[in-house]
Structure formats: structure tokens, C-alpha cells
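1. task: produce atomic coordinates for the following.
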Amino acid sequence: MKVRYYPTISHHDGGAIYSVDFHPSGDKMATCGQRGRKGDGTIVVWSLKDLREGFKRIVLAEMIHQKILNCVRWSKIDNGRYFACAGDDAEVFVYAYQGRCRGGGSLEASSLMCAESERYKCVHRLIGHTMDILHLEWSQDGRFLASASVDSTVIIWDATKLPSKVVVLDQKREGHLDSVKGISFDPVGKFFTSQSVDKTLKVWTTDDWKCVTNIHKPFQGSGSSTIFLRQDWSPDGAYIVAPGATNNGGPTAQIIARNGWTTDLDFVGHRRTITCIRACPRLLKYTDHKGKLKTVSCFAVASSDKGLSIWSIPSVSRPILVISNLFKHSIMDLAWCGTSLAACSMDGTVRFLDFQAKELGYMLSDTDMAKEFQRMYKTVPRHISSEDSQVNSCIANSERSDLYHGIMDSPEVLLAKRAEVTKVSNLPLPPSEVVASREELVKASPSQPTVQQTVRLKTGKKKITPVFLGGLADDEPALPKTQAPAPITTPTPAREGSPIIPLSNTKKRRIEEVDDSAETAVKITKKEVTRPSASSSAVSELLRKSSGSQLPRIRGSIAQELRPISTYQTEDSTAVFHLPPIRSQLSIAVSRQAAFCQVHTINVDNNFKLVQEASERHAVARITSVDSNAKQLWTLFLDGTVILVEASSRFTIIATQDGFIHIISTSTGRLRYQFALEGMPVQIRLNRDFVLVLSSVGMLWIWDLGAPRIVMKESVLGVLSKGVTVDNVLLLPLGTPVLGLSNGRSLTFCPNLRTWTVLTDRNDYIPTAAILMGPSTSREGILSNLIDRSSERSKLVKVNPEVSTVATEIELERALIAAESLCEPNEYSQLAEKYIHHLEANGRTEKAKEFLDDVRKSELLNAERSQSLLISLISILKKNPRFDAVRRIFLVEDGQKSSDRTTSKVPSIF
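-> Model prediction:
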């Protein structure tokens, strides 16, 4: 373990630092607190990468506020694009990353400002508290942002729809009676905790936000002298460790077990009140002195006695580490990044503690954590299954930090270290695959420099052909002429026998692994080519285990080209889908009642215990059906948490949080189908035998359960621009989807063209210049309902007649396309008559001829209906002699086919 202190990380004029938090990438850190003694607040974003490399300019951004800031937290699952901060001004400020620029920052921080600083913009100001805000936390799944205040309330904000509120936990909802000084979200996603000066810790459910338990006994003898009481959950959600407790009059940190909310154990040893507790973000595995493999949770405990201790659960007999007088004042906040810990104090400084695996244990991977959650709760939280995990990045950064463990190295040492990190590490290969020894390579290199070739052309100009003379290092031989140089680009499928150097990361390289023991070229076959590992730490582990293997040596000139190109991220175009709320109870009435089905209502209980003695972690979902007299007809049990339910007289569709769709026969309760989806279901629809499901990754499925068959599987991300969401989804009786977007557009999918078609657009300006004419369409059609919702025809724009005529034609043509896409023959026929009336009034003969030909060939109408509509449209054209030629063309053609149509009529399906 190494304790590192950087004097440059401090607020101006020694202002207190009240909060610290690592970015999910592990490359930067945010602190907030007091800016000197002026009474205003500040947020500073520090570059840890530049800090470890010994650079003086380490400030990426600084934001100044009028009042002191008490807490800052990066968002969890969106790669840390946002961070939230709050303080004495009773508002929550949400900042968004806007890219990089040169210069910037306040005058005081200019000497520490990086050459390329970062820009952040305050995108939301959340107003709701009336007094100082002491603590903030994002939920692990990114759905909520919680804020705790001195006004004794906790506000839960909808992080996907800021600045919307989900609920206010106040005294009306059995909330706290005094200042709330600490909050924390359960990593499983079911509970939320809050701790107050009223000497209670409350546990709330996140589905209905009800207080399920009120823990007060361990906190009765505690005082209220500390500013914060920041508690935390263990990574697996099995324990809560809360500060502010007492045992025999001494300050302790109380351990609260999830199973029964028992308070039998605590952390002891500090001399003053404990202020903050932070858990290592992953479970740890280590082998004890008896050779047994143990899995534990690691907690850091900070106190107002300036000391820090490290503990593990379930082995709580003694702490792993105790450090006294680490600061000159009380410790205010803690933050983990992998196995590295940061602590900040009221004295305005930050200390870093870097632990090795042999001291704490090895952190579990995403896969192992998912197995633990599946074993304990039969579900895997979203933040564990996501690929962009904070801990993976932090582990890699903590391993890299070993290169920069000193407080401040000499310039000679820094130059030597920077020279070392310019070479590339490669996976070891079997010695049998070596094709050229060092002696052969030395023989292949020329003993004397080769003279470049010079040829004089007929024009008198010289043509010079340069010759490669070798690398900069004297001991690096050239490759033999018979062997091509190894490719150093993104790996592609290799030809057999071609030399390959697998890279550790195909997206962004950092050349830092060093191994000078290997000096020979290698050759591998196609069967031995493996995909590069996603984690550079995994490659490093393999390199450490393969001490006897030989690796190819990369020239310095080639390695120089592998350095990543600097890019600037300006915006995030990822689409956002609002996740459905998780409720403990759900109930839905069965639509389309039929005589063969007696079921009237489907009820869901997500917290049903098969065994009465079992805890909530072994709860399952119970689905029951009742008739109109509330008599239970059948019961079904499912693993996972049910989030969506739709039911008709034939089928009941149930979506669970783990991404499964369960299709059940409504009348009997028999399980018919089970589908595994990409992502979590966010919307489901049921119409007759057709089922529509929209997932959180933007995939939309439609199945025909009567066949059964899949009707469509398409992504909706292509039609969603930045900030646009899917507000509503409709499923028509023939299996046609209709999407309602937040920007006012409605779309449907055209199966023939395999593309999305716009039905209506609320923001379209053309309809305001169009003229309404002719009979209105049926008010019962889906298209007319969409038009009524999206258009505002009461206020028309005054334009000249020519513009109005063109706008009317465009609107009618769009409506005809929409009616055909929605398979609405009635609305199509009515719109066709309006369109022909308009063309006849304005003398559009060519458009009329083309449209009548399309009507005759339309697949929407059967032969009989098409003939009837065509006759009706031709009769409208009688009023204008200019259309006589058009009428004669279709009358002659239809007269020749009339006898055939009467003998071979196609049955009407409409």
C-alpha cells in the first residue's frame, strides 16, 4: 500500500474540500467545496493522467458558484457524461461534458490549467429544496438522482427526464423529522436508504417509495456534530454500513444486514464520530492462511478524528489497515477507483491510497459479479451487465499508477520512465513457431550502409529512390527480405502464415507495456489467431505469467505511429428510452372479453416468498388471474421482476426486468412461449394475435402468435436524433406499428420498402398554408386521429393562391401515402376523392392520369373495390372538359376488362 500526496490538488487559499468522486473512466476526478475564505464555492475537475506523469498543469475545468458546494457525483452508466453538484444555495446543478478547448478556467487556476481544458455546461438546475443540500447520489441503473437536504426532505429526481421529480420523501410519506445527511442506492435496485439527525436510518423501496423499515436503536446515543453521515451498501447489496452509531458510548459504524435488517455487528476503533463510508465497487477474492478462498466486501471508514480504516465483511474481527492523523482536519468524503482510494478533508487536501491485490484481494470481473447477483437475487443489475463498466477502467488505471508511485521523481527518472512506455506489449507465442533466430536476423541486415539509387530522366530531372537503413537503436536488426513486416493496425482475419501481432485494444491504444527480453520475430497460423482482449490488464496478466516465452520486438519508429490521434467529443447521439417503473404490485384488466375466457383481471406480486422464512432476495413473481367475481382461476410463478403486463382474452404478455418475454394463455394460464430480448423491454402492445415489444436498445419486434411467425424485427435508432425519445407505440389490428416520437412526428414501417415512413409531423409548417376542401375523412380512422392530434388548422398562414395550391397538393399526397402504409382502405378512398377534386379544380391533368393508374394497380384495394373507386374518381372529372382525354383512356381500358372482372371476382376482405 502506498500513500500519495500531491500539494497541487488543493482549493485556492486552502478552502475546504467537502466531496470527491472519480470519473467512471478513472482518468479524472472532481472535487467541490469552499473556494478560499470568500464564502463562494467551486468545482474542480483534475486530470489524474497528467498528475501521475508529474506534469504541473493538471486542472481540466473549474466552475465557480456563489455559495459553498457540499457534494459532487459523476453519473454512473453513461460514461460519466454528466455530474451533479449541490450545496448551500438549495439547488442541484447538473453539468454536461461539451468537449475540449484550449485555455479557460479562472484566473487563480490558470497556472494549473491544462493546455487542452474541458468545457462543461450547466444543463439543468433542479429546484425543490428550501435549505442547504448535503448529499447527492445517482442510482446504479441511471434512472434516479437523489438529493438530501437540511429541510428534512429527500427528493428523488427522474434522471431520464430532468427536471422531473419522481417523489418527495417528506414527513407526509413517513420521512425524517430533521436534517438528512446521507443517502445511498441499493446496487440491486430495490431499496434506497437515508440517514438523518433524528437518529434514524430509513430503508425505502424504489418501486412505490414506501418506508419498509426504520432503524434507530444503534444511533440513539450519537450526537449531531458532523456535517455529513454518508453511508454505503456493499457491492452485492447484502449489507449497509452506516456512520453515526455508538456502542458502549464509543463511535462506531453500524453494519446492517439486508436479511432481516439486523444490527448485530459494527466497526469500532475510532475516537470521534464517523463521517463517511465508501465500499469498494466490486467484491474481492483472496486466499486466507488456511488456504480457503473467500469472497468479501471491502469498506473504507473515515472519521472526524482525521483517521481512516479499511475493513472487510464478513471477517470483521479486526481492520485490514488503520491510519491515524492522515489529515490536519476531519475527513469529509471518500471515493474508490478499482483498488485505489481517495480521501478529502476540510484542510483542503486530498490523499490517495493505492492497494495491491495481495493486500486486499483480487476484484471480481463483470462475469463473476453477474454470477453472484444471479445466485443471490435471480437477476443481474443493469450496471453490472453493461459493457462500459467503471471498475474495468479503474483497474487498468490503478495498475498503470504503479509506474508513477513517487511523490515527485527527478527529471532523469521521469525521462527514463517515459522512454520505457513507448514500446508495445504482445501476447506470448509457443517457441516452436519462431521462424528466424537472432543470428539469422543479424545476417539479413546489411553490414555497410546502402547507397540510395539516383536515376537521371530524359528531362534532366533526378529521380532518387531512398533505401531504408534501419532503426534508431544499434542492436535492432532488420527483418530478412523473405519475410514481410508484421502489420501494426487493427486486427483483421489473417492469412495462414502471415506474421501477426495481436493488439490489446482495437479502439484506442496506449503504448505502455514493456518487455525487452524477446528479440525474435514470430509466425503463427490462422488457427492460432485469437481476438484481442477487451482489457489491457488481462494482456498484462498473461505477459507476467509467460516469463519464458519470446516476444517480437517493435521498432521505435513504428511504435511512434501507434499513438492515438487526439479527438474531441462534442455531443452524444445515443438514443434514450424511458425504462418502466418497477412496482411491487401490478394489475391489468383483460381487453377484448370473449365467451370462452372467464378471466377478468391479471394480478402480479413481485415480492412473493415461496418459503415463509426466506428473505426478499429469494422472492419470485406470482401471477394470478381472477374472474369478475374476484374468484382466483389460476396461478403462475416466474423468476425475475415483472415490469410490464398486457392481456387479451387469448394471450397474456409478461415482460421481466432480465429481458425476457413470457406469453401465457389467458384462459388456462399455460406458458406458451418465452423470448429472450436484446435489452430490457420498455413498451409492449397486444392487438388480436399480434404482439409488439420495444426494448431499451432500440429493437422493435412484432410476432403473429396465431401462425406463429415473426412479422418484423427492426431498429428504431435510425429515426431517433439526439434528445428524441419514443413517447408512445401503437399496434394496429393487422400488425402495423405506429411510433409517436417526442419531437411531434408519428411514423410507421413499410414492409415492402423496409423503411420507416412519416405519417404526421406536428412541427411541419406546410399544413398551415394548405386549404381544407371537400368532405372530411372518417373520424374513426387511425390516420384521421393522428392528423387531429398533430395539426392545428385553426390558425392558417396567409399566402398567395399559388403557394396554397401546392401546399394542399403536398398534404393530400402525404395523407394518401400514410393511409396506404397503415393499410386503411376506407381513409384511402376518401382521401383519393378529395385529391381528385383538387386536381380537377386546378387542371392537373398529368397528375390525375398518373394517380388513376396507381389506383388501378393498388395492392391496398381488391379488384372489386379498386374498380368501384376508379369509376367514382372518373365521374368527378366530368366537370372539367380538360380531363376528357384522361377519362377516355381509363374508360376504354376498363371497358375491355369489365367482362373479365365480372367472371373472376376476388372476394372482398374489407
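
2. what about Arg271, neighbour count?
-> Neighbour count for Arg271, taken as other C-beta atoms under 10 Å: 12. Heads up, the C-betas are built off the backbone N, CA and C, glycines and all.

3. from Leu677, how far out is the residue lying closest to it once chain neighbours are set aside?
-> Closest residue to Arg271 apart from its sequence neighbours, by C-beta to C-beta, 6 or more residues apart in numbering: Asp305 at 4.5 Å. Note on Asp305: its distance to Leu677, by C-beta to C-beta, to the nearest Å, is 52 Å.

4. returning to that earlier point: which residues does the residue nearest to Arg271 contact?
-> Asp305 sits next to 270-272, 324, 330 when contact means C-beta atoms under 8 Å, 6 or more residues apart in numbering.

5. just the pLDDT for it.
-> With respect to pLDDT, Asp305 has a value of 92.

6. next one: phi and psi at it?
-> Main-chain torsions, Asp305, degrees, to the nearest 10: phi -90, psi 20.

7. most widely separated two among the contacts of Asp305?
-> The span of these, defined through C-beta to C-beta, is set by Ser324 and Ser330 at 13.3 Å.

8. quick check: mean pLDDT of stretch 144-161?
-> Averaged over stretch 144-161, pLDDT sits at 95.

9. stretch 328-342 too?
-> Here the average pLDDT along stretch 328-342 is 94.

10. CA atoms of that stretch as CSV?
-> What follows is stretch 328-342, C-alpha atoms only, in CSV (Å, rounded to 0.1, in the frame of the first residue of the first chain):
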residue,chain,number,x,y,z
LYS,A,328,-4.9,18.1,9.7
HIS,A,329,-8.7,18.2,9.9
SER,A,330,-11.8,15.9,9.6
ILE,A,331,-12.2,13.6,6.6
MET,A,332,-15.3,14.6,4.6
ASP,A,333,-15.6,12.2,1.7
LEU,A,334,-14.1,9.0,0.1
ALA,A,335,-14.0,7.6,-3.4
TRP,A,336,-12.9,4.3,-4.9
CYS,A,337,-11.4,3.7,-8.3
GLY,A,338,-10.6,0.0,-8.6
THR,A,339,-8.4,-0.7,-5.6
SER,A,340,-7.3,2.9,-5.3
LEU,A,341,-8.9,5.1,-2.7
ALA,A,342,-9.1,8.9,-2.5
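
11. what sits against Thr130?
-> Thr130 sits next to 90, 149, 151 when contact means C-beta under 8 Å, 6+ apart.

12. related to what we said a few turns ago, can you pull the residues that touch both of Ser324 and Ser330?
-> By C-beta under 8 Å, 6+ apart, Ser324 and Ser330 have these common neighbours: 305-306.

13. more crowded one of those two?
-> Using other C-beta under 10 Å as the criterion, Ser324 and Ser330 rank with Ser330 on top: 23 against 12.

14. quick check: can you list the domain ranges of this structure?
-> The chain is divided into the following domains under automatic domain parsing: 224-400, 427-444+494-565, 765-910.

15. low-confidence ranges, the stretch 351-500 of the chain, go.
-> Scanning the stretch 351-500 of the chain for pLDDT under 70 picks out the ranges 385-453, 455-463, 465-500.
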